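>>> Got a predicted model here, sequence first, then my questions.
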Amino acid sequence: MANLTVNEFTEMLQNTKPCKGLARIQESVSCQGIQVCKEKFEFPKHDVLIVRSQWTKTQGGYSIRVNNYYAAKRHFLQIPMDNLKQCKTVIDILKTEGEYQLWTGHHVKVN
């Protein structure tokens, strides 16, 4: 893999099983690979995405991204989660209760 160009490396990550066929999105500052949108949920105040980050052919993780969370320089809040199931639990709570406090202390209200 050391001989891959940046484009070849990006294409390889995009073609991994968790990312294949998903739309690539703007990477967060901390990402060292690519990020794709696994699922998007539209709420009155914010769009919330389940994001798959892929760093190597076999390593990656999931995050919750809240678009338009910040009005300043960073226009989204992205918080890593342990797994896809945990991301879906957050979305279910947002659907039923309209708000959720992430493990970082950020409070997200979507209605």
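Yep, it's here.

>>> SS state for residue 88?
Secondary structure state of residue 88, per DSSP: H, G, I helix; E, B strand; the rest coil, is helix.

>>> from the chain's centre, how far out does stretch 94-109 sit?
With C-alpha atoms, centre = their mean, to the nearest Å as the basis, stretch 94-109 stands 16 Å off its chain's centre.

>>> Give me the buried positions along it.
Neighbour counts over stretch 94-109 (16 or more other C-beta atoms under 10 Å) mark 94, 100, 108 as buried. Where C-beta positions appear, they are placed from N, C-alpha and C, glycine not excepted.

>>> go on, stretch 8-24?
12, 13, 14, 16, 18, 19, 22.

>>> Using CSV, lay out those together with distance to residue 57, secondary structure and pLDDT.
As requested, the buried residues of stretch 8-24 are exported to CSV (distance: C-beta to C-beta, whole Å; DSSP: H, G, I helix; E, B strand; the rest coil; pLDDT from 0 to 100):
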residue, distance to residue 57, secondary structure, pLDDT
12, 7, helix, 91
13, 7, helix, 92
14, 11, helix, 92
16, 6, coil, 94
18, 11, coil, 93
19, 10, coil, 93
22, 16, coil, 94
